[in-house]
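Asks: fold the following, please.
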Amino acid sequence: MKRLLVTLVACFAFAGVSFAAVDLNSATQAQLESVSGIGPAKAKAIVAYRSKSGAFKTVDDLDKVPGFGKATVDKVRAEVTVAAAPKAAKPADAKKGAAK
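Replies: Residues are numbered from 1 along each chain as shown. Sure, this is the predicted structure:
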């Protein structure tokens, strides 16, 4: 009975980990590769696109990344998310920081 209980607890613990969404705006290449349907080439393309074009606004923006189409975006949609991108400092704020 104890063995069954321990097994069930372990299954539920690991199930929660597998359903954690990966944030397209902050994930590393390795984290992106953990998503079913995203391999090393697509993960690298996401990181490169993000560096060049800035943060993703929605998951649908993935179709702008080379190698992604509507079908792939729909396949990974449940496993990825887009967190709000941090706001950039305003030019006036940057000048204040430099003047100090």
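
Asks: what about the helices in the chain?
Replies: All helices of the chain, identified by DSSP state H, fall at 2-18, 29-33, 40-53, 70-76, 91-99.

Asks: ok, and for the third one, which residues are buried?
Replies: Put plainly, it is helix 40-53. Using 16 or more other Cβ atoms under 10 Å as the test for burial, helix 40-53 gives K42, A43, A45, I46, V47, Y49, R50. Where you see a C-beta, it was placed from the backbone N, CA and C, and this is true even at glycine.

Asks: and the third one, how far from E33?
Replies: This points to A45. Distance, A45 to E33, using Cβ to Cβ, to the nearest Å: 12 Å.

Asks: any low-confidence regions in the protein?
Replies: Within the chain, the ranges that satisfy pLDDT under 70 run 1-2, 4-19, 85-100.

Asks: 50 instead?
Replies: Within the chain, the stretches with pLDDT under 50 are 15-18, 89.

Asks: isn't G67 right up against K42?
Replies: Yes: using Cβ atoms under 8 Å, G67 is in contact with K42, at 5.2 Å.
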